[in-house]
Structure formats: structure tokens, C-alpha cells
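Asker: I would like to see how this sequence folds:
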Amino acid sequence: SNMAMKRRNSFFRTLKNVEPDVDDLYLDRGASAAASNKWLFEIAWEVANKVGGIYTVIKTKAPITVEEWGEQYCLMGPYNEACVRTEVEILEPHHYAYRETINTMRNA
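Answerer: Below you'll find the predicted structure:
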């Protein structure tokens, strides 16, 4: 509806003007997040699927998010073989929680 569209546009204009508080931003590759046992999971269809603007947003912000969260940051999405070959660097995880979870899924 037209009213819903007006509210949506208003929200996005407001959100666009929000500036991050630099004092709250720690680019320590996740050391402070790990010390606080904080995790960031981002789950989206577009994580490794080159479709649309959300994919571009995720790809653009991933490097700075890794600088802030390190291994406490996890992107998850559907497995798409064609996109994995060009977009995903396959590594064995260092963190035990990821290793144990992946091994459990592999053995299921």
C-alpha cells in the first residue's frame, strides 16, 4: 500500500543518516568480541549467491566486519557450487565451535 511505502521510505531515510559511534568500533579482529563471548551470525540467501544488491552489500562490508569480529563473525547461506568456486575461500576453521559443528554436520 501507499502508506506502507511512505513509512518504509521514511525509515530508510532515517537509517541512512545514522552514523556509527567510532568509540564502539573495535578493529581488533575479534579479540574484544571473543573476550565478551559475542558472536555475529549473518544468514542470507545471497551470501555466496551472486544475485542482486544484497550480495553486493554483504561482499562490500565483509572485510571490515572481519576486522571488527574476526572468527566471531560467520556468514551462512545455501551451498551453490558455481558460486563457491569463484567467491568462497575454503578453509578449515580455527575455532573449536566451528570445527565441532562442521564435523557433526558432516557425520550426520
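
Asker: from here on, just use CA atoms for contacts and neighbour counts.
Answerer: OK.

Asker: longest single helix anywhere in the chain?
Answerer: Longest helix in the chain by number of residues (criterion: DSSP state H): helix 52-69.

Asker: surely Asn80 touches Ala48?
Answerer: Yes. Counting by CA atoms under 8 Å, Asn80 does reach Ala48; the two are 6.9 Å apart.

Asker: more neighbours, the two?
Answerer: Ala48 (24 against 12; other CA atoms under 10 Å).

Asker: list the contacts of the closest residue to that one other than its chain neighbours.
Answerer: Using CA to CA, 6 or more residues apart in numbering and skipping residues adjacent in sequence, the residue nearest Ala48 is Cys83, 5.9 Å away. The contact partners of Cys83, by CA atoms under 8 Å, 6 or more residues apart in numbering, come to Ala48, Asn49, Lys50.

Asker: contacts only, for Glu92.
Answerer: Neighbouring residues of Glu92 by CA under 8 Å, 6+ apart: Arg99.

Asker: pLDDT score for the residue most central in space within the chain?
Answerer: What sits nearest the mean C-alpha location of the chain, by CA atoms, centre = their mean, is Glu42, with 4.0 Å. The per-residue pLDDT reported for Glu42 equals 92.

Asker: ok, what's across the strand from it?
Answerer: Leu75 (DSSP bridges).

Asker: Val88 contacts Ala48, correct?
Answerer: Yes. Taking contacts as CA under 8 Å, Val88 lies within contact range of Ala48: 7.2 Å.

Asker: run the chain-centre distance for the longest helix of the chain.
Answerer: 6 Å (CA atoms, centre = their mean, to the nearest Å).

Asker: so which bits of it are buried?
Answerer: By 16 or more other CA atoms under 10 Å, the buried positions in helix 52-69 come out as Tyr55, Ile58, Thr65, Val66, Glu67, Glu68, Trp69.
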